[in-house]
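Trainee: Structure, please.
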Amino acid sequence: MPHLVLWDIDHTLIATRGLGRELSAVAFERVTGVPVREQATVDGITEAVIFRETAKLHGLETGRADFERFARALAEQHVLHAAELRERGRALPGAAAALDAFAAANVRQTVVTGNVRAVAEVKLSVFGLETHIDWDGGAYGEDADLRPALVDIALTRSATPAHDAVLIGDTAADVRGGRENGVYVIAVATGRTSATELRAAGADAVLNDLTDVDTLLKLSPRRAQAQSYRQQLRRGIR
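Mentor: Reported below is the predicted structural model:
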């Protein structure tokens, strides 16, 4: 088993079925005073980038302080609407079983997500998926703009080398974040990115979803094994 699993959240473990965008629009208007006419593309993008680019679409220039106010407002909206999130959203098939299986194998688990931490905690807690997550070892939308930097931050916080980690996500951005850090990537075609697109992005393995937990566990050790073998070859060991 790898020592660490880095989970994406949206469309990998859960789906909010549109509520996330609605709450983001409410928070945006609370902070800027401007109703949202259109929102920046969100797949694989961090909240900091979504907020900044959405503001630009409305002719607004924003800074870090504005984003921090937005992040607080967004977290407040998720807390206020937790019951609605539970009713409208869902944990994706196999998510709970996959988290439990890695935990049973004594694998540490955290998240690499574009969500700010407070929102990530609400989203997983609402669906009972937070139990096995090491929140302090993760990386969040307030930590960096791009996925590769987030993966690097999570590896550092978790004190885990890349070859001992596996990243599981649903977008090409997740794949790039893992590969640019030398992390084995298992992509799941549970979001808006097809299995073909995920393979083209460079995922090491692609699954239709998380329901085949046995296959997920069997795929996960391969990166560490391959890395160990390559290290032996470089040292001239056969």
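Trainee: Any chance you could list what contacts the biggest helix by length in the chain?
Mentor: Looking only at the chain and at elements set by DSSP state H, the helix with the highest residue count is helix 64-80. Residues from elsewhere that reach helix 64-80 (C-beta atoms under 8 Å, 6 or more residues apart in numbering): 23-24, 26-28, 30-32, 47-48, 51-52, 55, 85, 116, 118-119, 122-123, 141-142. C-betas here are computed from N, CA, C, even on glycine.
Trainee: Now for this protein, the helix or strand with the poorest mean pLDDT.
Mentor: Counting by mean pLDDT, DSSP states H and E, the chain has its least confident helix or strand at helix 222-234, which shows a mean of 43.
Trainee: can you give me the strands in this structure?
Mentor: With DSSP state E as the criterion, the chain has strands at 4-7, 14-15, 90-91, 108-111, 165-169, 184-188, 205-207.
Trainee: angle of the fifth one against strand 184-188?
Mentor: The reference is to strand 165-169. 20 degrees (axes from the mean of the first three to the mean of the last three C-alpha atoms, to 10 degrees).
Trainee: Can you name every helix or strand that strand 165-169 contacts?
Mentor: Judged by 3 or more C-beta pairs under 8 Å, 6 or more residues apart in numbering; DSSP states H and E, strand 165-169 is in contact with strand 4-7, helix 147-158, helix 172-179, strand 184-188.
Trainee: change it to 6 Å
Mentor: strand 4-7, strand 184-188 (3 or more C-beta pairs under 6 Å, 6 or more residues apart in numbering; DSSP states H and E).
Trainee: now do the last one
Mentor: Counting contacts by 3+ C-beta pairs under 6 Å, 6+ apart, strand 205-207 is packed against strand 184-188, helix 195-201.
Trainee: what about 8 Å?
Mentor: Counting by 3+ C-beta pairs under 8 Å, 6+ apart, the elements that strand 205-207 packs against turn out to be strand 184-188, helix 195-201, helix 213-219.
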